[in-house]
Structures are given as C-alpha cells and as structure tokens.
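> What follows is a predicted structure for the sequence shown.
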Amino acid sequence: MAALSDSMAGSQEIVDLRTLVGRELDPLLLEETVEWERRLDWDFARSAELVRQYADVRALAGAALLDRGEVVGYGYSIVENNKGLIGDLYVRAAWRDGRTGLRLFLLILDTLVRAPRLDRIESQLMLFDMEAARAVERERSVALYERVLMSCDCTALALPLSRGATARRFSVHPWADHHHEAAASVIALSYLNHVDSQINDQYRSLAGARRFLYNIVQFPGCGNFFKPGSLVAFDIETGWIAGIVLVSFVGPETGHITQLCVTPDSQGRGLGYELLRQSMALLRLNGAKRVSLTVTSTNKDATALYQRCGFNEVRRFFAYVWEP
C-alpha cells in the first residue's frame, strides 16, 4: 500500500510493513521482548514469533520505520468486521525522540480511518509513551482512557478467608469448557454501563463477550491461558452463575488476571475478593511468584480491592478509542 509510505529526514523512511519479512524484524523484536520482560515482567517471545510468521507471509498490515535499511520501529493493525485494532507499536530505544512513535501511530490510525466500513478503532499499548499518547488525543479525535498495570508478590502474601456469608451464598468451581456460554453472559451483564465497555466494545453484547473469551483461551496476547487457576462462582440460592476469574501465565513465574467480574446482583458480597483470593492461591501453587492485572484508573472500587490484596502500581498507559 503506497499510502503508507512516508519520507523522513536524513536516512529514515516509513514503509508498508508488508514489504518486509520476519528476519528483518528480528533485532527490533528481540529488543522489544527484553523490554517487556524488564519493565512489565511479561514474556513477549510467543507474540514476537507470531509477528515473524505473519510477516513472512506478508499478512501483517502496518508500517515500519527504517534507518539506513534497518527496522527501528513498527506497528501493525488488524481489521475485525467493522472494527480496527492497533495491535502493537514499538520503537527501539535509541530512536525514541518524542515524535517517532507518534508519527507511526498516526500513520496507522489514519490508514484505518480511511478504510471502508470501519466505524471503530481500538488499541491498548502498554509501552507507548504517555506524552505521545496525549499528542494523539490532541491531533486526532481519539478518546483516551487511563489504565494501570498492577502487580503483587504472591509468595509473601496469604490472603485471609472470606467471611462466612460469602461462603454460604456462593460456591466456587474450576473452569470447564462448558462454562463458556454462561461466562459470556456474566461479562455482558457485569460491564453494562461500565467504563470498560467504552474501551472494549466486546463487553457490550453476548456475542462480543463470546469472542472475547475465545481470544483469551486461544491466543497468546494475554499469555498462556491457565485453566487450573480459572474459576466460576454460582449463587447457591438461585443456581445462576455469579462471577468468573480467568488467569494466564505471562511469564515462567508470573501469573496474570485476565478477567475478573461479578454480576450486578452479586456485587458487594465479597465474591470478587474470594475469586481473586482462590485464583492467586492456585497460581502460587503452580509456580507463580508474582501476579499482575490491569484496571482502568477511574474504576476506584476495583483499584481499592486490588490494593487491599497487595497489588501495587507498576505502570500507567492508555487505551485508545476512535469513532467517527
């Protein structure tokens, strides 16, 4: 796509990502993998390998920054039905100047905006510069939602049992494949009119929640889904599903809470705490030394719960949403 080509000063240029193959991205992906490990305690290697594979078959839409022919920055996008996703954007440390990442982001964003039939673009980039993100908001009609990566040392923490009323009201069971449909209904109910449904439109419908769950279980973007640490809770009085917690391993010794939600009728009864407590214990028993999660900064109740459970802030980043 010639529309993605962009000349820059001196020896630098931006080109269509599909003009490159995986081996040309290797130095950048190696540096990115190291930075994900160092700053986020996250193993990016599997995601990097998928990027290489898609690049090799020229199936990765996006842009790359070249300096004297060497790839020093890149970003890619995905189109799903009427929605575009900016999946990743990374600039190597020596080439970060406050504008390079922004230029890449805007180029990919503008290409998606011009695409036919797209009515929404989303992205969450944990390593993207916060000042560049604010510039995106100023220069384009993009809404920003501040997010927080939190982490705790689960080896030094044993959360106390829930109060008796919680145990008498709810029963907690291991995740099973047949819970998928009921879990999707929990997500759709829990995020009704919630700020996170503005960030991820899959939370707004049962069909979207099904796809969200499928992506968590099948794809490595949120790590390797860990079924033994994922749980579902049922209301003993009604028999209805009341809450879920889904977890992954994002590193050899790092677990990640990919989803924790409780239906509106069950909120305020200690169920979120109990699901978090049990899943963290299961992660610890299976080798996790640390557990991380992300939360929207305006979600004060959830943030307070995580802080009570020993989680501390690691990094702030933004979620991006464009709608016409």
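Sure thing, it's come through. All of these numbers come straight from a predicted model, not from anything done at the bench.

> How much space separates Gly75 from Ile14?
10 Å (C-beta to C-beta, to the nearest Å). Placement of C-beta: from N, CA and C, glycine included.

> where exactly do the helices run in the stretch 151-300 of the chain?
164-169, 180-190, 196-199, 206-218, 271-285, 300-308 (DSSP state H, counting those that start in this stretch).

> Which elements pack onto the host helix or strand of Leu112?
Assigned by DSSP states H and E, Leu112 belongs to helix 100-114. Here helix 100-114 touches strand 12-16, strand 61-67, strand 70-80, strand 83-91, strand 120-124, helix 130-139, strand 312-322, going by 3 or more C-beta pairs under 8 Å, 6 or more residues apart in numbering; DSSP states H and E.

> and the angle from the last one to helix 130-139?
What separates the directions of strand 312-322 and helix 130-139 is an angle of 20 degrees, with axes from the mean of the first three to the mean of the last three C-alpha atoms, to 10 degrees.

> Please apply the same query to the first one.
Angle, strand 12-16 to helix 130-139, by the same axes, to 10 degrees: 70 degrees.

> let's number from 48 now, not from 1
All right, first residue 48 from here; so that's strand 59-63.

> Just the buried residues of the helix or strand just after strand 59-63, please?
Moving toward the C-terminus from strand 59-63, the next helix or strand (DSSP H and E) is helix 69-82. By 16 or more other C-beta atoms under 10 Å, the buried positions in helix 69-82 come out as Gly69, Glu71, Leu72, Leu75, Leu76, Glu78, Glu79, Thr80, Glu82.

> Can you name the residues in contact with the helix holding Leu159?
48, 50-51, 53, 55, 61, 108-110, 112, 120-124, 126, 131, 133, 136, 138, 165, 168, 175-176, 179, 182-183, 186-187, 189, 369 (C-beta atoms under 8 Å, 6 or more residues apart in numbering).

> can I get the CA coordinates of it in CSV?
Extracted C-alpha coordinates of helix 147-161, given in CSV (Å, rounded to 0.1, in the frame of the first residue of the first chain):
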residue,chain,number,x,y,z
THR,A,147,8.8,8.9,16.1
GLY,A,148,6.3,6.7,17.8
LEU,A,149,3.6,9.4,17.4
ARG,A,150,4.3,9.5,13.7
LEU,A,151,3.9,5.8,13.3
PHE,A,152,0.7,5.7,15.4
LEU,A,153,-0.9,8.5,13.4
LEU,A,154,0.0,6.9,10.1
ILE,A,155,-1.5,3.6,11.0
LEU,A,156,-4.5,5.3,12.6
ASP,A,157,-5.2,7.5,9.5
THR,A,158,-4.9,4.4,7.2
LEU,A,159,-7.6,2.6,9.3
VAL,A,160,-9.8,5.7,9.4
ARG,A,161,-9.7,5.8,5.6
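
> between it and strand 130-138, how many degrees?
Going by the same axes, to 10 degrees, helix 147-161 makes 160 degrees with strand 130-138.

> Just want the angle from helix 147-161 to strand 167-171.
Using the same axes, to 10 degrees: helix 147-161 against strand 167-171 is 150 degrees.

> Helix 147-161 to strand 108-114, inter-axis angle?
Computed by the same axes, to 10 degrees, the angle between helix 147-161 and strand 108-114 is 150 degrees.

> May I see the buried residues of helix 147-161?
Quick answer for helix 147-161 (16+ other C-beta under 10 Å): Thr147, Gly148, Leu149, Arg150, Leu151, Phe152, Leu153, Leu154, Ile155, Leu156, Thr158, Leu159.

> how much space between the fourth one and Asp166?
Per C-beta to C-beta, Arg150 is found 25 Å from Asp166.

> Please identify the deepest-packed of the helices of the stretch 198-347 of the chain.
Of the helices of the stretch 198-347 of the chain, the one with the most neighbours on average (mean count of other C-beta atoms under 10 Å) is helix 318-332, at a mean of 21.

> Dump that helix to CSV, restricted to CA.
Below are the C-alpha coordinates for helix 318-332, written out as CSV (Å, rounded to 0.1, in the frame of the first residue of the first chain):
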residue,chain,number,x,y,z
LEU,A,318,-17.4,-12.6,45.8
GLY,A,319,-14.8,-10.6,43.8
TYR,A,320,-12.3,-10.9,46.7
GLU,A,321,-12.9,-14.6,47.1
LEU,A,322,-12.4,-15.4,43.4
LEU,A,323,-9.2,-13.3,43.4
ARG,A,324,-8.0,-15.0,46.6
GLN,A,325,-8.6,-18.5,45.3
SER,A,326,-7.1,-17.9,41.8
MET,A,327,-4.0,-16.3,43.3
ALA,A,328,-3.5,-19.3,45.6
LEU,A,329,-3.8,-21.7,42.7
LEU,A,330,-1.3,-19.6,40.7
ARG,A,331,1.1,-19.7,43.6
LEU,A,332,0.8,-23.5,43.9
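
> of all the helices and strands packed on helix 147-161, which lies closest to Leu260?
For these, the distance to Leu260 is smallest for strand 117-127, at 15.1 Å, taking C-beta to C-beta.

> which helices and strands does the closest one pack with?
Partner elements for strand 117-127 (3+ C-beta pairs under 8 Å, 6+ apart): helix 69-82, strand 108-114, strand 130-138, helix 147-161.
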